Each structure stands twice: as structure tokens, then as C-alpha cells.
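Q: I would like the atomic coordinates for the input below:
(2 chains, ligands or ions: 3)
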Amino acid sequence: MNNHLSPKERLAIPRTQMPAQDPVIRSRNFSEVNLGLAELAAIEEAQRCLLCHGRNCVSGCPVGVSIPEFVGNLASGNLTEAAGILQQDNALPAVCGRVCPQESQCEAQCVRGKKGDPVAIGHLERFVADWAMSHSENLDLPSNSKPSGKRVAVVGCGPAGLTVAGELVGKGHGITIFEALHDTGGVLRYGIPEFRLPKEIIDIEVERLIDRGVKIECNVIIGKTLTLQDLQRDYDAIFLGNGAGLPVLLGIEGENLNGVYAANEYLTRVNLMGAGQTVNCSTPIIRGKKVAVIGAGNTAMDCVRTARRLGAEEAMIVYRREEAQMPARLEEVHHAKEEGVKFVMLSSPLAVIGDENDWVKALHCQKMALGEADDSGRRRPVPIDGETFMLEADVVINALGTSANPLLTSTVPELQLNRWGNITVNDEGATNLPGVFAGGDIVRGGATVILAMGDGKRAAHTIDNYLSTLPKTVS
Amino acid sequence: MFSILKNDLIAPKLHRIVVEAPRIAAARKAGQFVIVRESAGEERIPLTIGDANIEQGTITLFVQAIGTSTRKIANVPAGSFLLDVAGPLGMPTEIKKWKRVVCVGGGVGTAVLYPMAKELAAVGNEVKTIIGGRTKSLIILADELSQFCQEVCITTDDGSLGTKGFVTDQLANLLDSPDTRPNTVLAVGPVPMMRAVAEQTRPYGIHTIVSLNPIMIDGTGMCGGCRVQIGKETKFACVDGPEFDGHLVDFASLAKRLSMYKAHEEACRLLAS
Ligand SMILES: Cc1cc2nc3c(=O)[nH]c(=O)nc-3n(C[C@H](O)[C@H](O)[C@H](O)COP(=O)(O)OP(=O)(O)OC[C@H]3O[C@@H](n4cnc5c(N)ncnc54)[C@H](O)[C@@H]3O)c2cc1C
Ligand code: SF4
Ligand code: FES
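A: Ligands and ions are numbered 1, 2, ... in the order given. The predicted model follows:
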């Protein structure tokens, strides 16, 4: 394949559409929605890249993936090289290609986006990563440096922890990940549904780490099973990547009625435990006919689309602002609409209403209007006096978000936290405790996969430097 | 994988299981629990740690085989394994010198009560225990409790062992007289029993602790499924509890939430039979 096209020829190629399952069919199954680009389509899309010198796209990526290089190699059909470059820069490219908010990161910076559509960087990342997975026999596992004799404990097996583990095992350090749940992946497994991120991808990535020598111990809750002090005794450094797993409550009447879920519970039942996906799953889930999801982030979209797949006739997003302000990835909103999800905008829940048996029957809502802009520049929703309405629903899901879970941090009073309970770190990812580092949602509050990974990469670098300052251990 | 070293049937459908889990045995305190998944694809089930042996690295669980998942756990024989055991979870019992403590246990609740009563006695409380059940065969741990309790009072609904009647009748006797009235009451058992005990002690203003058993998944505060209403506040039983002030617990809401998956359980039961 040659990539010797003129800019004009490149500009003439239209952005490739991602093939997807038919919306009517997919809104009733859990298989992945996006089917992935075919090789020729991917190469053609890659040829849209102008290989410009500014490399704006790279500055838009929180981990600085060498986008023009991997895209350029793909455009020339050099898949092995493309895969090598990508895997060098990004520990979980098959995940990021699927779940990154590209429209506000790399693709937002793409020069082609100034006039027309940006290069579909996310789709290309996914294509190359998937190709690498299915051709792993042709690709070498990244090699590890010679053993350093140093041991690092990683708390939490989400994207932050997995990235730290991958980076540091490569440097020859002995890595053990401790995970509270019975399975790996963090939010990637229990939060993000199969139809958006097949669990097989997490399995393969985790398997790769294990092959490279990372140890993973599930069912170990740091702060309960073992203390941070235990880890400090047995390891040379510790990375805390325990996420932001604590649901923010609605704080309205009726929150504890039967049929009201926090998003984490709803998604965990389905994604981690398999509820509703197989006939004899032992973990139950209430399949509502009319499901109201409060919030408009990725979590809310995942819940509402899961509800459709569990058979909801009406699955609704209830949001106090307008569509343009919804924080979810554009593609998820688009997919949700295609799947028949209703958007009830400018509405804020006042109370959950129960029937005589304490089951949800409706959501009492306040009509809102957009007022003055707030500090963040977004127009603040204000209630319209006297305008309330009842939204019939038999399942209500709270997807307002999560905050820092104090389970671990409350056992380490000397660890510095901010006023929301997130761990405070310096620019290098170090906490105030020597040898203890942190990153991901436990530092940022609910953020994104790629930011968690970026934190992991940076902290790994700091940890590696820190370890080299320690006296040599005889092991 | 966690080895099961012993599995004894100690009452109809009630198994005492000794599991090898050295880290949990070393870390656990009275009142805490574990979450168990019998094998891949199974539910995560919270079970109180009934006892532990640090030297042998074991914990003891009492499993009442009433639902599909608890039946599967109870049926794992000694020599075999549980796939996942995570813990110890929850806040430990507040072990303090209250002086005079009455522990009230109903059914399998007695197993939950046992480690708490043991610890309370160990710090010098005068502990009396009232345990009850429908019939003789459902009364458990009476001998074990009498090792450290000043008195173990047994009630059965049918009078086949101890006094005929309910635990609440016996508690009423103790509350009646200032000489036997406790400073603290601990109640663990079915929701109606705990509610009744809390109502009994309320007029006396006696500090009353109950141990709640809502439906849980992760047990780490992540999912919010174990929400319970305590006074005006919503608490997560897995991290804030499982023990709460019995006078503040909304038992009606707890009972409703516990019934959330009744239809599912019914379907499983039919499927299994
Ligand atoms: C439903 C949902 C959808 C999302 N969609 C997107 C998306 O499309 N794109 C995107 O970029 N981001 C998305 N996010 C956000 C993204 O998933 C998170 O920002 C990211 O997973 C954070 O990574 P992390 O490694 O910091 O934490 P987590 O992924 O939360 O992992 C933390 C891990 O630590 C474990 N743990 C916690 N406490 C302990 C302890 N005491 N001991 C041991 N282990 C512990 C947890 O069980 C968990 O496995 C979504 C989030 C949710 C909930
Ligand atoms: S990791 Fe995310 S931001 Fe970076 S190139 Fe890939 S899709 Fe874009
Ligand atoms: S069981 Fe999930 S928060 Fe308590």
C-alpha cells in the first residue's frame, strides 16, 4: 500500500462511517454496537490524515499517543509498525479507541476538523488495537528490563492501576495488584456495558500483563483485608488507584423505594454479575417497563441503554439542562437516540413516588429553564415556578455521579485529602506520604479512562525514579 | 480459591463452615462479615464471620440454606473450595464496658450474635443471652454461649425446648425490674424480632443495637444497594453498619427492600425443583 497521496487527494476522501448493528436489533441485545472498520476502510480513513507538522492531535491526547505516526503507518498498510507505536504509547488502546471522548480530545484538535470532519482517530486506534489483538502471535510482548529486586503494590485494578502495572513491570519491578472485587478492570468491567466495551478486551489486556509477570490478587480490600501499613512493610512503593466508587445520592424523598437504583448497582448487577444477560443468572435485576434515568453523563447513557436491552418499552433520560450540555460522549447520545431512548430535558426530580407496596410508580419533576451562566460558563438551570409534572416509571436510576470512596483513605488519617475526600498529589503523582503515589478517579473524582491512564503513566515514571533512589535490596 | 475445612449441619438447613482465609482471620473483628461467591456466575452473598482462629488461619461462617445461592454455598463439602471470599467488611461491633448487656438472638441471628457476645463478655460485661426459634432443632450455640454468658435463656414457639413463647417475653421480664434491666441490648434476628425488641426498649431509653442484613453486592460502599434508612439519614449498611441504633432504624423500609427480588427467588426455586 502506498501513502503517497497529494493533500488534495486526501481532502477528497470523506470520513468513513463506523458500521454498527441495526438499532432495532441491537436495542435488544448486549453485543457490541460498533462493528469495527474493515481493513480497507481503515486504511482509507488513515489516508485522510494530512500528516501535518503541527501534530495538534497529539496535544489533544492526554497520554500523547503518536497519532500521526501510527496513522501514517496504517495508511501505508504497515500494521505491525502501527501496532507497535500505539502499544508503546497507550497501555489499553482497544479500550481508549472505544470509550475516549475523542470529539473533545484528539479529534477536536485535528486540522481537518476546522473545515469538515476530523480524521476518525478513535476508530483507527480501535482498528489497530483490535488487529494487534488478533495477531498477537506476530507481535512481541514488550520486553521487561532485568529484575530490579524492587516491589510495588498497586491498589485497584482499574485503568489507572493497570497502566502503572504495565509501565513498572517493564522496568523490571515486581508488581502485585490488589483488587477489592472478584474480577479485574474496575469501571471497565463493572460499569461500562458489554455493548460498548466487550469484556473479552479487558480479559486479553489483563492476560497480557499477567504474561509479563504482573501478579493480581482479587478479593483483597486494602484498608480491610490488609492495611496500607501492611503494604508499606512489604513493598518499596505503593500506587493508590482505587477509583471513585461511592454513589452520590439523590437526596430526595422516595430514594429508598423498591425499584430505585444507584447507577453503580444497576450496572454492576448486569455487567459484573451478569444479571439479565443469561437465563439462569443467579443475580437478579428488576426489568422495568418504564425506566427513568436521572443524569446525562456516560453512566446515564449506559444505564438507559441497558434498560432498553432488558426490555424497557420506555427508557428515558431526565436531565435538568438541555441536550447541548449533556456531558456524555456524542456517539453514546447518538446511539441512544437511534435505540429509541427518550430525552426529557430541562427537568429536575423533586421526589420519587411509590405505590401502596412501596414500589416506584412515578418521578415527580420540576420544569427548569436556563438562566445566567455560572462560573463554568454553562447556563444554570432554574426552576420555573409552579411547573411540575409526573413522569410514570417503574424503575428509577440515579446516575448523578460518584465521589471518593472513604473505605481506604479513612484508615490512613495521615494521608492528605482535599475537601471532597480525593487524595491530594503533586504534579508527579506523589502523595504527602513517602513512597505512596496515587492517580485516576480517587485523585480527580469521576473523570475518564484516558485521564486515569495518563495519571498512571506519570506516577509510574515517578515511582521508577523513586525506586532508583532506594538502597539496593538483596532478594 | 478458599478451602473449606469443615462443613457441619448444626440445625436443619443451618451449616457451620470453616474456611481457610488467613488474612481475613487475622484482620477480622466481631461484627464484621465477608462476601462469598460460591463459583463463577454465582451471586455475591454477605455472611457474618461467626468466629476466627488466627493460628489456623480460618474463619467460621454460619450459612442458612434458604435461597438458591445460600444453598449452593452450604452444599460445598469439606475438602472443596469457595471461589471468592472477601473481607472482613463492615464496622466492627463497638466493644465497650456497658456493664449489663442482654443479647437477643433469633434463628440464625444467634450465630451473628455469638462473636459479639463473646467479645462483650471478654471485656467484663455481665452478658445474658436470650435465644429463640420456632422449635428445638433450630436452637443453636446454646452450649457455646453458656461458656461466657451469665445466663442463656432459651425460648421456642412450640415449647419443645426452654420456655414456650418468644424472646420478647423473656426480655420483658428482664426489663421489668431495675435489678435486671440492662444498659445495652443487642438484637440480631428476623426483622420483625429486631423491630419488636427495639420497641420494647424504647420506653426505657435503653441503648439498643441491631445488626441489619440488607441485600448487598460489593460490600465496599460502591453500589449503594445496601441503603438503609437510619433516622432522617440514608446509610450504607456494608460500610456504615451492619450495626445501627435500633431506635433509629426504619424497619418497614428494610423489610420492603429485602423483598425486592421475591419474584426472582420464586422463579429460581421453581426452576431448581
Ligand atoms: C458507567 C460508566 C461509564 C463510563 N464511561 C466512560 C467513557 O465512555 N469514557 C471514559 O473515558 N470514561 C468513562 N467513565 C469513567 C472511567 O471509567 C473512570 O474515570 C476510570 O475507570 C477511572 O479509573 P481508575 O483506575 O481511577 O478507577 P476504577 O476504574 O474505578 O478502578 C478502581 C478499582 O479499585 C478497586 N478498589 C477500590 N477500593 C479498593 C480497595 N480499598 N482495595 C482494593 N481495591 C480497591 C475497585 O474495585 C476498582 O476495581 C465511565 C464511568 C462509569 C461509571
Ligand atoms: S487515547 Fe484517546 S485521546 Fe489519545 S489518541 Fe486515542 S482516542 Fe484520542
Ligand atoms: S453493598 Fe454495595 S454499597 Fe453496600
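
Q: Now the stretch 101-250 of chain A against chain B: closest residue?
A: Going by Cβ to the nearest Cβ, chain B is nearest to residue A:245 of the stretch 101-250 of chain A, at 3.7 Å. Just so you know, the C-beta spots here come from the backbone N, C-alpha and C atoms, and that holds for glycine as well.

Q: That residue: what's it in contact with?
A: With contacts defined as Cβ atoms under 8 Å, 6 or more residues apart in numbering or on different chains, residue A:245 is in contact with A:264, A:402, A:405, B:218, B:220-222.

Q: Tell me, how many residues neighbour the nearest residue to residue B:265 once chain neighbours are set aside?
A: Leaving out its chain neighbours, the residue that sits closest to residue B:265 by Cβ to Cβ, 6 or more residues apart in numbering or on different chains is residue B:67, at 5.9 Å. As a burial measure, residue B:67 scores 17 neighbours (other Cβ atoms under 10 Å in any protein chain shown).

Q: if I look at residue B:67, how far off is residue B:261?
A: 9 Å (Cβ to Cβ, to the nearest Å).

Q: can you redo the contacts of residue A:245 as CSV with secondary structure, pLDDT and distance to residue A:299?
A: Formatted as CSV, those follow (DSSP: H, G, I helix; E, B strand; the rest coil; pLDDT from 0 to 100; distance: Cβ to Cβ, whole Å):
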residue, secondary structure, pLDDT, distance to residue A:299
A:264, helix, 96, 8
A:402, strand, 92, 8
A:405, coil, 93, 15
B:218, coil, 96, 16
B:220, coil, 96, 18
B:221, coil, 95, 17
B:222, coil, 96, 13
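
Q: Compute the distance between the closest residue to ligand 1 within the stretch 351-475 of chain A and residue A:454, please.
A: Nearest residue of the stretch 351-475 of chain A to ligand 1: residue A:440, at 2.1 Å (Cβ to the nearest ligand atom). In this view, residue A:440 and residue A:454 are 9 Å apart by Cβ to Cβ.

Q: can you check residue A:125 too?
A: Residue A:125 sits 15 Å away from residue A:454, going by Cβ to Cβ.

Q: quick one: which of the two has more around it?
A: residue A:125 (28 against 23).

Q: That one against residue A:95, yeah?
A: No: between residue A:125 and residue A:95 there is no contact under Cβ atoms under 8 Å: 9.7 Å.

Q: overlap in contacts of the two?
A: Counting by Cβ under 8 Å, 6+ apart, residue A:125 and residue A:95 have no contacts in common.

Q: mind listing the strands for the stretch 301-450 of chain A?
A: For the stretch 301-450 of chain A, strands defined by DSSP state E, counting those that start in this stretch occupy the ranges A:314-318, A:342-344, A:347-354, A:360-373, A:379-392, A:395-398, A:436-438.

Q: Got the domain ranges for the chain?
A: You didn't say which chain, so I picked chain A. Domain ranges of chain A: A:7-138, A:151-245+A:404-468, A:249-398, per automatic domain parsing.

Q: please go with chain B instead
A: Following automatic domain parsing, chain B resolves into domains at B:2-89, B:100-211.

Q: so which of those gets nearest ligand 3?
A: Among the domains of chain B, domain B:2-89 comes nearest to ligand 3, with 7.6 Å by Cβ to the nearest ligand atom.

Q: mind listing what the nearest residue to residue B:157 once chain neighbours are set aside touches?
A: Counting by Cβ to Cβ, 6+ apart, residue B:157 lies nearest to residue B:134, which is 4.8 Å off, once chain neighbours are set aside. Residue B:134 sits next to B:107, B:156-158 when contact means Cβ under 8 Å, 6+ apart.

Q: Tell me which residues of stretch B:164-174 come out buried.
A: Across stretch B:164-174, burial judged by 16 or more other Cβ atoms under 10 Å in any protein chain shown covers B:166-168, B:170-171, B:174.

Q: Could you give the number of residues near residue A:365?
A: 22.

Q: any idea of the pLDDT on it?
A: In the predicted model, residue A:365 carries a pLDDT score of 97.

Q: cool, and residue A:247?
A: pLDDT for residue A:247: 95.

Q: Can you report phi and psi for residue B:22?
A: Per-residue torsions, residue B:22: phi -60, psi -40 (degrees, to the nearest 10).

Q: brain fart, residue B:241
A: Main-chain torsions, residue B:241, degrees, to the nearest 10: phi -120, psi -150.

Q: Pretty sure it sits against residue B:92.
A: No: in this structure, residue B:241 is not within contact of residue B:92 by Cβ under 8 Å, at 11.0 Å.

Q: Pick out whichever of the two has more residues nearby.
A: residue B:241 (22 against 15).

Q: quick one: contacts for that one?
A: Taking Cβ under 8 Å, 6+ apart, we find residue B:241 in contact with B:90-91, B:211-212, B:226, B:228, B:235.

Q: Now, these that are in strands?
A: Under the assignment DSSP state E, the contacts of residue B:241 contribute B:211, B:228, B:235 to strands.

Q: Could you find the closest non-adjacent residue to the second one?
A: What it means is residue B:228. Per Cβ to Cβ, 6+ apart, closest to residue B:228 is residue B:237, 5.0 Å.

Q: ok, the one you found touching residue B:217?
A: No: Residue B:237 is beyond contact range of residue B:217, at 11.8 Å (criterion: Cβ under 8 Å).

Q: Tell me the spacing between the residue in the stretch 251-400 of chain A positioned nearest to ligand 2 and residue A:293.
A: Nearest residue of the stretch 251-400 of chain A to ligand 2: residue A:329, at 10.9 Å (Cβ to the nearest ligand atom). To residue A:293, residue A:329 is 16 Å away according to Cβ to Cβ.

Q: So which of those two has more stuff around it?
A: Using other Cβ under 10 Å as the criterion, residue A:329 and residue A:293 rank with residue A:293 on top: 32 against 22.

Q: Just the pLDDT for residue B:268.
A: At residue B:268 the predicted local confidence, pLDDT, stands at 69.

Q: cool, and residue A:288?
A: At residue A:288, pLDDT is 92.

Q: Over to residue B:271?
A: For residue B:271, the pLDDT comes out at 68.

Q: what's the pLDDT at whichever residue of the stretch 51-200 of chain B sits closest to ligand 1?
A: Closest to ligand 1 within the stretch 51-200 of chain B is residue B:86: 9.7 Å, counting by Cβ to the nearest ligand atom. Note on residue B:86: pLDDT of 97.

Q: The host helix or strand of it vs chain A: in contact?
A: Counting by DSSP states H and E, the element that carries residue B:86 is strand B:84-89. Yes: using Cβ under 8 Å from any Cβ of the partner chain, we find that strand B:84-89 touches chain A at B:84-89.

Q: quick one: which of these is nearest residue B:32?
A: Closest to residue B:32 out of the residues of strand B:84-89 next to chain A is residue B:88 (3.8 Å), distances taken as Cβ to Cβ.

Q: From the structure, what's the count of residues near the closest one?
A: Going by other Cβ under 10 Å, the residues that sit close to residue B:88 add up to 25.

Q: how far away is it from residue B:12?
A: From residue B:88 to residue B:12 the distance is 28 Å (Cβ to Cβ).

Q: any idea what residue B:182 is structurally, helix, strand or coil?
A: Following DSSP: H, G, I helix; E, B strand; the rest coil, residue B:182 is assigned to coil.

Q: For the chain, give me the ranges with low pLDDT.
A: Because you didn't say which chain, this covers chain A. A:1, A:473-475 (pLDDT under 70).

Q: that's the wrong chain, I meant chain B
A: B:268-269, B:271-273.
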